[in-house]
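Novice: the sequence isn't on hand, but the structure is:
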């Protein structure tokens, strides 16, 4: 049983825990997985669907091969094209079927009214998530295995190495892992099966298409620079790179470390989101996500820094801006993620936290600790990166501008400082604003839309105002004043000044600095106001709970006295007349309810 | 089925279920308002109320599926909000219209839940199959079971981890009469095994035969709670002064065929309680039997309805026995005596304030 394993492995090393989990998989497989496999085995349609899929794919790939042969292409070329075609199709099959299978898991339990009885067995959310994931992943894995013979067809023509085919199938399996986890994370929030599948597919298909059409070709461009044997602009380039890349630092970095991070972080994130969505309202639903963020933030920053090291045609300020904006994008996502954090830990979580370690206590649920964590992990790194970048910027040997002149080091440094300070202040503002909105919102439901609105108003709004007023075309100083609140516009204007070989004028420096100051001050003020208000609400809630405890203790004492004097113990015998005229009002239910509603509202991951 | 031993309800001990000042709100509507009641070990507690009264919400709080906004609920001395995992080990919960996994066999279904509970003993599934009398179905697919069999399967499921407390939300809804009787017998068996059972229903006849205590909830408020006999006595005491009007004060009884009999004087004895009605089936001349009963001590009115007499009276069961004896003494063959309403129905109507004046007790 997973929970017993979990208990027995707590405190062990990572290796020990992994061994224990493997032993668990062998000796005591997850009951949910076993049951779902038994159910799936009784669906008579499954083998028919698998056979139909395999036949259709074979016919399609065979047809493509036949058409290519008609053009008298070399067998090696035909093999390459078939390889790309097959794995592109397989990718989209996994992109559609995987999320749908994942979405089917928990939502079907809810719709079938079996979810509550599963919860009441005492299985932990992690065990449930693992069991559900395992069952959906087994199903998609069967689909991939069924396609394997078709995937081997390009061998007949040549032009494809066995390594490439094996790696391509591994990529499919890994992508299936992400796609199932995506469906599972959404399924954990949905009540109806149909809704879960529709929402998951609506979200998964554009995401998968974007990855295929945009991220894949972009990554292949970078890979082409490192290994010219990789064709530029090919979405499915990764298996080919394994065939052409010599083993070395780049191989380990681009084909092992970065893919592991790029797959591992989203997979972990989706797992934590699933757990948060499966946990009860009074449990600590944000710790897992905070733990993930503590790892994801430095890894994201490191990834951006490493990738920037492989771009040699941009000036230091441009690279700094790219890295900073990349990290701000991550920061916005994380602020959005924690936008509905609870006011403070529930009593149950407080009891649980009592004996926990330093990190666990620092990452306790609550608006104040969350704000502190976000400032430390989002604002501070931006400042540190800016300082480091300024120190590392060379005073000579800079690349030439578009106008033919060399970038000027002083202008570069000003630009780096300007962008760094502005973005750090902007992130601080977003953190403060989100905390403030959360405190003002009873259930937290309106915080995320308001955050998106604030992002739109600050990032895009100034552009619109400037365009309407006709101030942007001339790059005039009033135009800069109007545009300065927008970080995107700031980057473009200052960048424009740089690449045209010009210097940063006074308004270009002063306006962003003024707005940076306003953002920072606003963020700090809003954040402080919010945390003060939050603390007051928690104090009030604690007092109400203490009052309720006192009244219950008094009742207990009275009951004991009644028992001692042999009065019938049915103190609960309350006739209507007695209910209508209570001697003492219950402990302010409305205020208790309101304050609890705030304190115990979970983050909607 | 095991034979049932008399159950001793230990009311002096700590309650198995303790609900105190429970409040719950959805939006602006209070669905529970200061709900307080206790269920003692070994009791079968009927949780009664009309649809929408707050039964299921209360039960969901007890079952750790819903956080109370205010108040405290303890199961076997453990606060459901503070330690739900421990509560779940002592609780067997059968939700209203609980779902099942259709494409597994009965045995696989129970084995899954046994594994999920972390039960290692292989004999447990066998034992609950036997206890709930579904062993012969163990190889059948769940999809092929009838509703009654599925309810038995659900009961088997909640017994796997040997919980002290069973909470059943509308366990007999949608069942045919035979299945209802089987479930009722099974619950009595479980009570004899020492389980504390809380079952909710809005069908009083489901509960009247098996419950030792009841709680009536209406519009989110607990109207009354406690042992049935004790509640009945309290109501009797409360309504002692407002029994039906005595005969001979202008009220008349109509006999079958529209023949009106003169109402005999019948002294009201306030301490005996409210007016009750017993249906008496007698052989022979109904009108003569009615006439014979008129004017008897404690008899308020006599009506001939169909093939039986409806006798209004004040007093307890002794009065009914006395009435039967008297009819037999007068030569009428008494073939049936039945209260017009069960004790529980009377309590419910009294407690919810919907007693019709002419509707009996």
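Specialist: Done, it's in. Keep in mind that this is a model prediction, so the values were computed, not measured.

Novice: which helix or which strand is home to residue 200?
Specialist: Using chain A here. Using DSSP states H and E, residue A:200 falls within helix A:193-210.

Novice: you looked at the wrong chain, it should be chain B
Specialist: For residue B:200, the enclosing helix or strand under DSSP H and E is strand B:196-201.

Novice: state the next helix or strand along the chain beyond that strand.
Specialist: Sequence-wise, the next helix or strand downstream of strand B:196-201 (DSSP H and E) is helix B:204-208.

Novice: tell me which residues are up against the very next helix or strand once past that next one.
Specialist: Sequence order places strand B:213-218 as the next helix or strand after helix B:204-208, per DSSP H and E. Where contact means CB atoms under 8 Å, 6 or more residues apart in numbering or on different chains, the residues beyond strand B:213-218 that reach it are A:572, B:9, B:35, B:37, B:39-40, B:43-50, B:53-55, B:58, B:207, B:222-228, B:231, B:344, B:347-348, B:351-352. Glycine gets a C-beta too; all of them are placed from N, C-alpha and C.

Novice: next: stretch B:169-188.
Specialist: With CB under 8 Å, 6+ apart, stretch B:169-188 has contacts from B:1, B:4, B:44, B:55-56, B:59, B:93-97, B:132-133, B:146-148, B:151-152, B:155, B:168, B:197, B:199-203, B:206, B:209-210.

Novice: list, out of those residues, those positioned next to chain A.
Specialist: Subset of these in contact with chain A: B:93, B:95, B:97, counting by CB under 8 Å from any CB of the partner chain.

Novice: so where's the stretch 401-550 of chain A shaky on pLDDT?
Specialist: Across the stretch 401-550 of chain A, the ranges flagged by pLDDT under 70 are A:401-408, A:471-480, A:493-507.

Novice: and it, which residues reach chain B?
Specialist: Counting by CB under 8 Å from any CB, the residues of the stretch 401-550 of chain A close to chain B are residue A:548.

Novice: mind running it again at 10 Å?
Specialist: Proximity of the stretch 401-550 of chain A to chain B is confined to A:544-545, A:548-549 under the rule CB under 10 Å from any CB of the partner chain.

Novice: what pLDDT is listed against residue B:192?
Specialist: Predicted confidence (pLDDT) for residue B:192: 90.

Novice: re the thing from before, buried set for whatever helix or strand comes next after the helix holding residue A:200?
Specialist: The C-terminal neighbour of helix A:193-210 among helices and strands, as given by DSSP H and E, is helix A:216-226. Of the residues in helix A:216-226, those buried under the neighbour-count criterion (16 or more other CB atoms under 10 Å in any protein chain shown) are A:216, A:219-220, A:223-224, A:226.

Novice: same question, stretch A:299-307
Specialist: In terms of neighbour count (16+ other CB under 10 Å), stretch A:299-307 has its buried residues at A:299-301, A:303-305, A:307.

Novice: quick check: closest non-adjacent residue to residue B:18.
Specialist: In this structure, residue B:18 finds its nearest non-sequential neighbour in residue B:74, 4.3 Å apart by CB to CB, 6 or more residues apart in numbering or on different chains.

Novice: could you pull up phi and psi at that neighbour?
Specialist: Backbone dihedrals for residue B:74, given as degrees, to the nearest 10, come out at phi -120, psi 130.

Novice: just the buried ones out of the contacts of stretch B:169-188, please.
Specialist: For these, a burial check counting by 16+ other CB under 10 Å picks out B:44, B:55-56, B:59, B:93-96, B:132-133, B:148, B:151-152, B:155, B:168, B:197, B:199-202, B:206, B:210.

Novice: residue in the stretch 301-450 of chain A nearest to chain B?
Specialist: Of all residues in the stretch 301-450 of chain A, residue A:348 sits closest to chain B, with a separation of 5.3 Å (CB to the nearest CB).

Novice: right, and the residue nearest to residue B:18 touches residue B:64 too?
Specialist: No - with contacts defined as CB atoms under 10 Å, residue B:74 does not count as touching residue B:64, sitting 11.7 Å away.

Novice: now for these two: what residues contact both?
Specialist: Residues touching both residue B:74 and residue B:64 (CB atoms under 10 Å, 6 or more residues apart in numbering or on different chains) are B:80-81, B:87.

Novice: okay, the residues you listed in JSON lines with pLDDT next?
Specialist: Written out in JSON lines, the entries for the shared contacts of residue B:74 and residue B:64 read as follows (pLDDT from 0 to 100):
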{"residue": "B:80", "pLDDT": "92"}
{"residue": "B:81", "pLDDT": "88"}
{"residue": "B:87", "pLDDT": "94"}
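
Novice: mind checking how far residue A:108 is from residue B:102?
Specialist: Taken as CB to CB, to the nearest Å, the spacing of residue A:108 relative to residue B:102 amounts to 11 Å.

Novice: who's more crowded, these two?
Specialist: Neighbours were tallied for residue A:108 and for residue B:102 using other CB atoms under 10 Å in any protein chain shown; the higher tally belongs to residue A:108 (19 against 15).

Novice: name the residues of stretch A:39-50 that are buried.
Specialist: Judged by neighbour count (16+ other CB under 10 Å), stretch A:39-50 contains these buried residues: residue A:39.

Novice: what does stretch A:312-328 give?
Specialist: In terms of neighbour count (16+ other CB under 10 Å), stretch A:312-328 has its buried residues at A:315-328.
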